[in-house]
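Colleague: predicted model and sequence below, questions to follow.
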Amino acid sequence: MEAQTFIRKRIDKLRKTMIHRGMGAVILEKPENVMYFTGFNPVLNSMPIFFIMEQDSEPILLVHCLRMNHAREESCIKRIETYGMWGDVPSLAKEPAEAIRLLLGKCQGHLGLETEYISFVRYKNILQKIKPEGIQSISFILDHHKLVKDPYEISRIRRSAELVDVGVKTTIDFLGQGYSEAEACTEGQYAMRKLWHKKFRDSEVCGYGTSEGGMIDSLHVWCLSGGHIAYGCDCPKHYYPKEGDLTLPMAWAKTDGYHAENERTIIIGHLDEFKQHAYDSMLRAREAVFRILRPGTLFKDLYLVAAKVYSDAGFEKILPGRVGHGVGCSAHEFPSLDSKNEIPLAPGMVISVEPGLMDKAWGGVRHSDTVLITESGYEKLTRLEAGKIILSRHP
């Protein structure tokens, strides 16, 4: 399935929004958003790239000279311009703001910018160069544009879901053989790479870089045990889970820029009464969410039904801030499944479902699935066993 047709539809939708809101032009810099509208991920973002579009013109991908060949090979945008200096590659200007001025001139109407992402220095430089009539924040608008996934996006999230299933399952298998967190995670990550080689070798598994680096490999597995679970995300340790522990293996993957995740809380041997109660409550909270997971349900209702299960079970003092989040180009994409989100679910949305409890004193419990909202309900894209998972501890 090719991305180009779907990217054209995304651009057409953005153009209609620009016309409706009186934006003469938009400039996007956030790597995930540039990828969304161009299909190009430079991986290394120390020299940023930009998606630029006026109401009545074809879009432009502006890249540093060093990224030109890469962009020409992978971008779905035909017009590619360059800034900076590298070898004999022609360049509009040394700095991106000046290149943008040469491409846009004086902006007619308002300029759409990602005000929740762009740096103050870049913001100031662009305003000085093109002097728009005004600025409109486009960040929240783009969040809503990306809420419902098209078939291309869903196909890539499916691939990522298959990879993370293998990563978590393999990690659990090796934990069962007595491996440490770090050792088991290494095996899980290796299993993900082998599946990628076997089934998805035509897909990139790169992530999105920051202003100072890149992410060549997006296949991540980590595992936390006991109170370490309360950290949420951290490097696994050479810790050997022991009798009575809660252990949480987690995997993330991106395939052609699209994310999926899987998390499973594992019981090592026998739990004490308190931890068992927390674990059982987590399973009931998940069941409550999945019972109402269908188009038309408000995001906040997903939170409220899970929170009620936890409150009724005596955990009202450690309720989670949310019970899931959007999934797409980002690991934690808009929106949050929290108590104030009144957006209704719609077919094509992809979210994580992960009502959990965390407390440094005893650890935490959480299963996370990547889930597609369908016309009649939902489809779990991650498909590992999601009930009570128990491993005996080897001496």
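Modeller: Nice, I can see it. Quick caveat: nothing in here was measured; it's all calculated off a predicted structure.
Colleague: and the longest helix belonging to the chain, what other elements does it pack with?
Modeller: When the chain is parsed with DSSP state H, its longest helix is helix 151-176. Applying 3 or more CB pairs under 8 Å, 6 or more residues apart in numbering; DSSP states H and E, one finds that helix 151-176 contacts helix 4-21, helix 181-199, strand 220-225, strand 246-255, strand 258-263, strand 350-353, strand 369-373, strand 390-391. C-beta coordinates here come from the backbone N, C-alpha and C atoms, glycine included.
Colleague: among those, which is nearest residue 115?
Modeller: Ranking the helices and strands packed on helix 151-176 by their distance to residue 115 (criterion: CB to CB) puts helix 4-21 first, at 14.1 Å.
Colleague: what is the orientation angle of the closest one with helix 151-176?
Modeller: Here the directions of helix 4-21 and helix 151-176 differ by 110 degrees (axes from the mean of the first three to the mean of the last three CA atoms, to 10 degrees).
Colleague: got the buried residues for helix 4-21?
Modeller: 6-7, 10-11, 14-15, 17-18 (16 or more other CB atoms under 10 Å).
Colleague: what strands flank the following helix or strand past it, and is each parallel or antiparallel?
Modeller: Remark: after helix 4-21, the chain's next helix or strand is strand 23-28, criterion DSSP states H and E. Strand pairing for strand 23-28, using DSSP bridges, gives strand 50-54 (antiparallel), strand 110-113 (parallel).
Colleague: can you classify residue 103 by secondary structure?
Modeller: With DSSP: H, G, I helix; E, B strand; the rest coil as the basis, residue 103 sits in helix.
Colleague: let me see the contact set for it.
Modeller: 52, 60, 62, 81, 92 (CB atoms under 8 Å, 6 or more residues apart in numbering).
Colleague: quick one: list the elements packing against the helix or strand of the chain with the lowest mean pLDDT.
Modeller: The least trusted helix or strand in the chain, going by mean pLDDT, DSSP states H and E, turns out to be helix 120-130, with a mean of 92. The contact analysis (3+ CB pairs under 8 Å, 6+ apart) places helix 120-130 against helix 96-104, strand 110-113.
Colleague: okay, those, which one's buried deepest?
Modeller: Highest mean neighbour count of the helices and strands packed on helix 120-130: strand 110-113, a mean of 23 (counted as mean count of other CB atoms under 10 Å).
Colleague: tell me, how many residues neighbour the closest residue to residue 297 other than its chain neighbours?
Modeller: With CB to CB, 6 or more residues apart in numbering as the criterion, residue 297 has its nearest non-adjacent residue at 5.0 Å, and that residue is residue 345. Using other CB atoms under 10 Å, residue 345 has 22 other residues around it.
Colleague: and if you look at residue 62?
Modeller: 24.
Colleague: OK, contacts around it?
Modeller: By CB under 8 Å, 6+ apart, the residues touching residue 62 are 49-52, 80-83, 96, 99-100, 103.
Colleague: point me to the helix or strand that includes it.
Modeller: Secondary structure from DSSP H and E places residue 62 in strand 60-64.
Colleague: ok now that strand, how far from the chain's centre?
Modeller: In terms of CA atoms, centre = their mean, to the nearest Å, the centre of strand 60-64 is set 24 Å apart from its chain centre.
Colleague: what's the following helix or strand after it?
Modeller: Moving toward the C-terminus from strand 60-64, the next helix or strand (DSSP H and E) is helix 68-74.
Colleague: how many neighbours does the spatially closest residue to residue 260 that is not a sequence neighbour have?
Modeller: In space, residue 260 comes closest to residue 160 once its chain neighbours are excluded; the distance is 3.5 Å by CB to CB, 6+ apart. Residues contacting residue 160 under the criterion other CB under 10 Å number 31.
Colleague: gap between residue 160 and residue 73?
Modeller: Per CB to CB, to the nearest Å, residue 160 is found 22 Å from residue 73.
Colleague: do residue 112 as well
Modeller: Using CB to CB, residue 112 is found at 28 Å from residue 73.
Colleague: and for residue 34?
Modeller: According to CB to CB, residue 34 and residue 73 sit 16 Å apart.
Colleague: with residue 118 instead?
Modeller: Distance of residue 118 to residue 73, given as CB to CB: 27 Å.
Colleague: more crowded one of those two?
Modeller: Using other CB under 10 Å, the more surrounded residue of residue 118 and residue 73 is residue 118, with 19 against 8.
Colleague: my guess is the more buried one contacts residue 29, does it?
Modeller: Yes - the pair residue 118 and residue 29 qualifies as a contact (CB atoms under 8 Å) at a distance of 5.9 Å.
Colleague: so what's residue 212 closest to, chain neighbours aside?
Modeller: residue 46 (5.7 Å).
Colleague: surely the one you found is in contact with residue 84?
Modeller: No - counting by CB under 8 Å, residue 46 sits too far from residue 84 to count as a contact (11.2 Å).
Colleague: so those two - more neighbours on which side?
Modeller: For residue 46 and residue 84, the more surrounded residue by other CB under 10 Å is residue 84, and the numbers stand at 19 against 13.
Colleague: show me where the stretch 251-395 of the chain has its helices.
Modeller: Taking DSSP state H, counting those that start in this stretch to define them, one finds helices in the stretch 251-395 of the chain at 273-291, 299-312.
Colleague: for residue 381, which of the ones you listed is the nearest?
Modeller: Of all the helices of the stretch 251-395 of the chain, it is helix 273-291 that lies closest to residue 381, at 13.7 Å by CB to CB.
Colleague: show me the shaky parts of the stretch 251-395 of the chain.
Modeller: By pLDDT under 70, the low-scoring segments of the stretch 251-395 of the chain are 393-395.
Colleague: the residue nearest to residue 260 and residue 255 touch, don't they?
Modeller: Yes - between residue 160 and residue 255 there is a contact under CB under 8 Å: 4.4 Å.
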